[in-house]
Each structure stands twice: as structure tokens, then as C-alpha cells.
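Undergrad: what follows is a predicted protein model with its sequence.
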Amino acid sequence: MTGQLDRIIELDKLYNKSHKSSALKKIAIASGKGGTGKTFFAANFAYQLSVSKKVLLIDLDFKLANIHLLFNLHPQKNLAEYFESKKLFEDVITEYNSNLHLVLGDTGFSDKSLPSVTQIEKMLEDIEKLSDKYDLVLFDLGAGISNENIFLLTQSDIKIIVAAPEPTALMDAYMVIKQLISNFAKENILVTINRVVEPKEADQAFDNLRTAVNHFLKTNIEFLVSIPESAQIRRSIIEQNLYSANQKADKVIKSFITAEHKISKINQVSNINHPSFEPTL
């Protein structure tokens with residue numbers, strides 16, 4: 001219990017540090033529970049963004065890292081080697097293509113072996129050193145509201161919460177948002193509703209979530225996009241073929257393009273010293 005309390009106190013100190021302006025945009029992708037398709041969204045959104053920008057996607061699910069499966073990669077290096085001081089950060093980066101690079105995770109971190117606060121902070125500092133190589137860095141976080149997840153969300157310019165239409169998934173998304181607001185990170189919170197059978201499902205789900213957040217948390221959230229349920233998506237996951245890299249412009253791909261355009265608008269109006277972000281046309 002004492003160790004957990006010390007960890008919370010350490011993270012709290014970092015939550016309250018003043019943020020320095022950065023040329024490198026950081027986008028954190030989170031979910032309140034597993035099974036919402038968060039990692040599918042992160043992988044395919046990163047690919048779509050990389051059509052026109054240099055993107056670094058980092059698997060920060062410390063216990064169940066699996067983003068390499070969606071890219072059909074067998075990790076030769078991973079984030080654990082960096083945290084264990086066996087390799088430099090740039091040495092654990094895997095090139096998927098010229099515009100999309102990955103830092104793959106390692107499964108099986110126990111509570112005792114989770115990265116320390118100091119290690120996480122150093123990782124963020126090392127990421128900043130790569131601002132001349134990348135336009136965007138995406139964090140694919142683990143599900144839930146661990147201290148590590150909330151801290152990484154607070155350090156990100158844009159927070160994307162991936163939920164499903166089911167009430168349980170929406171409640172868990174609400175809890176993530178509540179934690180963000182408690183840590184003074186209420187700007188640029190966007191919600192993606194995944195696994196949608198009918199478009200009205202997404203509208204109703206987001207309206208319910210937004211109403212609860214407005215009423216109880218006195219905060220506005222934004223709708224990013226909905227991703228339709230699809231047999232092709234399930235097949236791509238089973239076959240380990242990245243959907244966005246192997247499909248034509250169907251409804252799913254158009255959803256990712258819409259998300260890219262919305263992120264573009266947020267980047268253009270944000271007060272960060274970063275080159276203009278142009279969406280793919």
C-alpha cells in the first residue's frame with residue numbers, strides 16, 4: 001500500500017508541472033475498458049495520418065501490448081529494452097514504412113516491474129528530442145484508469161477516448177474523462193464510438209455520454225468519429241492484415257479520413273509552434 005501511495009504522490013507532482021510548448025504533437029488514445037477496438041483504431045488512424053505526415057506510434061499498454069499483431073510484425077526490439085536501459089529510445093523504433101514508425105510493447109509487466117515515474121518522464125523527454133523527425137506521436141494506452149494512463153493523457157495535446165455503444169463501455173469512458181478533469185486536462189477530449197451497427201447508435205451513445213459529462217462534470221467533449229462494425233474488420237484482425245493498408249475507400253476508411261480532417265482543424269487552431277497540418281484530400 002505504501003509503495004502504491006508513493007507512486008500516486010510522484011505522479012501527482014508530474015500532473016501539476018507546468019507544460020512546456022512542444023513542436024511535436026502528442027495524441028493519446030485510451031479506453032475505459034478492453035474490447036472497444038482501441039488498438040484497431042490507433043493502428044489504422046496512425047496509418048491514415050502517415051499518408052501525409054511523419055508519425056510515430058507507441059504501444060504503451062504495459063501489460064497486454066499487442067499492436068504488433070495488427071501490423072503482422074514479430075518484434076525484434078521493444079519498449080521494455082528501453083525501460084531496462086538496454087537500448088536507447090531511438091534504437092527500439094521499428095520502421096513500418098517511410099512515414100510510419102512504431103515502438104512495440106512487451107507483454108507481462110507486473111505491478112512491480114511497471115515503469116517508474118522517472119522512467120516515464122524520461123521517455124517523454126526522449127520523444128521530444130525526435131521532434132525534427134516526426135510531426136505526430138500517438139500513444140496507444142492500455143485500457144482503464146491506471147495512474148500511468150492518466151498521466152500520459154494529461155501530457156498529450158489531444159485525448160481520444162474510444163468507446164462502444166454499450167452502456168458499460170460508455171460508463172467506463174465517463175470514468176476516464178472524470179479522471180482527466182480531476183487532473184486539469186479538460187481540453188481537446190474527443191470521443192470515438194467504435195463497433196457501430198447503425199449510425200443512430202453512435203449518435204445516441206455520444207449524446208448520452210456528452211449529457212452526463214456536461215451535467216456532472218461541467219465540461220464539454222467533442223465527437224470525433226464513429227467506426228462501423230464490419231466483417232472485413234474482423235477478418236483483417238484475424239489475418240493480421242492492417243485494414244487501412246489493404247482496403248479501398250469504404251465506410252471504415254472514410255471514417256478515418258474524417259477523423260484526420262477533424263484533428264487537422266484542432267492542430268491548426270491550437271497555440272503550439274508547429275507547422276500547419278494539412279489533411280489528406
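TA: Looks like it arrived, so ask away. Numbering: from 1, shown residues only.
Undergrad: can you pull out the helices in the stretch 51-200 of the chain?
TA: 67-70, 79-83, 117-128, 147-154, 167-182, 199-212 (DSSP state H, counting those that start in this stretch).
Undergrad: which secondary structure elements does the fourth one contact?
TA: Helix 147-154 sits against helix 2-15, strand 25-30, helix 117-128, strand 136-141, helix 167-182, with contacts defined as 3 or more CB pairs under 8 Å, 6 or more residues apart in numbering; DSSP states H and E. From N, CA and C alone the C-beta is placed, and that goes for glycine too.
Undergrad: where in the stretch 151-281 of the chain is pLDDT low?
TA: 271-281 (pLDDT under 70).
Undergrad: so residue 40 makes contact with residue 241?
TA: No. Contact criterion CB atoms under 8 Å: residue 40 and residue 241 do not qualify, at 11.9 Å.
Undergrad: neighbour count winner among these two?
TA: Between residue 40 and residue 241, counting by other CB atoms under 10 Å, residue 40 is the more crowded of the two (23 against 15).
Undergrad: name the helix or strand for the more buried one, please.
TA: Secondary-structure assignment from DSSP states H and E places residue 40 in helix 38-49.
Undergrad: and that helix, how far from the chain's centre?
TA: 9 Å (CA atoms, centre = their mean, to the nearest Å).
Undergrad: tell me the angle it makes with strand 25-30.
TA: With axes from the mean of the first three to the mean of the last three CA atoms, to 10 degrees applied, the angle from helix 38-49 to strand 25-30 works out at 150 degrees.
Undergrad: contacts for helix 38-49, please.
TA: 29-31, 55, 57, 61, 66-67, 70-71, 100, 136, 138, 140-141, 143, 160, 162, 192, 194, 227, 233, 237, 242-245, 252-253, 256-257, 259-260, 263, 280 (CB atoms under 8 Å, 6 or more residues apart in numbering).
Undergrad: cool, and stretch 232-244?
TA: 40, 43-44, 47-48, 69-72, 246-247, 250, 252-253, 256.
Undergrad: what is the nearest of those residues to residue 176?
TA: residue 40 (18.0 Å; CB to CB).
Undergrad: most tightly surrounded among the helices and strands packed on helix 147-154?
TA: The highest mean neighbour count among the helices and strands packed on helix 147-154, using mean count of other CB atoms under 10 Å, belongs to strand 136-141: a mean of 26.
Undergrad: partner strands of that one, parallel or antiparallel?
TA: Sheet pairing of strand 136-141 (DSSP bridges) gives strand 25-30 (parallel), strand 55-60 (parallel).
Undergrad: the stretch 151-281 of the chain: strands as residue ranges?
TA: For the stretch 151-281 of the chain, the strands defined by DSSP state E, counting those that start in this stretch occupy 158-163, 189-196, 222-228.
Undergrad: most packed of those strands?
TA: For these, where neighbours mean mean count of other CB under 10 Å, the stretch averaging the most is strand 158-163, with a mean of 27.
Undergrad: which other helices and strands does that one contact?
TA: By 3+ CB pairs under 8 Å, 6+ apart, strand 158-163 packs against strand 25-30, helix 38-49, helix 167-182, strand 189-196.
Undergrad: go again using 6 Å as the cut-off
TA: Judged by 3 or more CB pairs under 6 Å, 6 or more residues apart in numbering; DSSP states H and E, strand 158-163 is in contact with strand 25-30, helix 167-182, strand 189-196.
Undergrad: just send the ones you listed back as JSON lines, with distance to residue 93 too.
TA: Shown next, in JSON lines, are those (distance: least, CB to CB, whole Å):
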{"stretch": "strand 25-30", "distance to residue 93": "16"}
{"stretch": "helix 167-182", "distance to residue 93": "28"}
{"stretch": "strand 189-196", "distance to residue 93": "26"}
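Undergrad: looking at the ones you listed, which is closest to residue 156?
TA: Judged by CB to CB, the one of the helices and strands packed on strand 158-163 that comes nearest to residue 156 is strand 25-30, at 3.8 Å.
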